[in-house]
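Participant: need a structure here:
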Amino acid sequence: MSRDADEHLTEEQVAWADIIFVMERAHRRKLQTNYRLALKDKQVVVLGIPDEYGFMDPPLVALLHSKMRRWLPR
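Facilitator: Numbering: from 1, shown residues only. This is a model prediction of the structure:
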């Protein structure tokens, strides 16, 4: 959804997903704006993580582990 992203989300990827995780509410709004039809009956989970980290930044990885724990198999 960001023009400077290395990989761009496609409607097919959204349609394929069962659950979509985003870091911020703004990301959810962009999804809803750009992929409204593909999001029908999809669960979008906002993790509440500010989009201010670099790729694989250790504090981001730790936050993701913490926030995603309930969604991942044990």
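
Participant: Now do the strands in the protein.
Facilitator: 19-22, 43-46 (DSSP state E).

Participant: Would you mind finding the most buried of the ones you listed?
Facilitator: A comparison of the strands of the chain by mean neighbour count, using mean count of other CB atoms under 10 Å, puts strand 19-22 on top with a mean of 16. Yep, even glycine has a C-beta here, placed from its N, CA and C like the rest.

Participant: So what's the model's average confidence on it?
Facilitator: Mean per-residue pLDDT for strand 19-22: 95.

Participant: what's in contact with it?
Facilitator: Strand 19-22 is contacted from outside by 14, 28, 31, 39, 42-47, 68, 71, using CB atoms under 8 Å, 6 or more residues apart in numbering.

Participant: How much space separates the one residue sitting closest to the centre of the chain from Arg74?
Facilitator: What sits nearest the mean C-alpha location of the chain, by CA atoms, centre = their mean, is Val22, with 2.5 Å. From Val22 across to Arg74, the span is 24 Å (CB to CB, to the nearest Å).

Participant: burial of Gln13, as a residue count?
Facilitator: Neighbourhood size, Gln13 [other CB atoms under 10 Å]: 13.

Participant: what about the helices in this protein?
Facilitator: 11-16, 25-34, 58-68 (DSSP state H).

Participant: now those as TSV including mean pLDDT and distance to Glu52?
Facilitator: Below are those laid out as TSV (pLDDT from 0 to 100; distance: least, CB to CB, whole Å):
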stretch	mean pLDDT	distance to Glu52
helix 11-16	93	24
helix 25-34	95	12
helix 58-68	94	9
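
Participant: Which pLDDT value goes with Ala5?
Facilitator: 70.

Participant: Next, count neighbours for it.
Facilitator: By other CB under 10 Å, neighbour count at Ala5 equals 8.

Participant: can you check Tyr35 too?
Facilitator: Tyr35: 20 surrounding residues under other CB under 10 Å.
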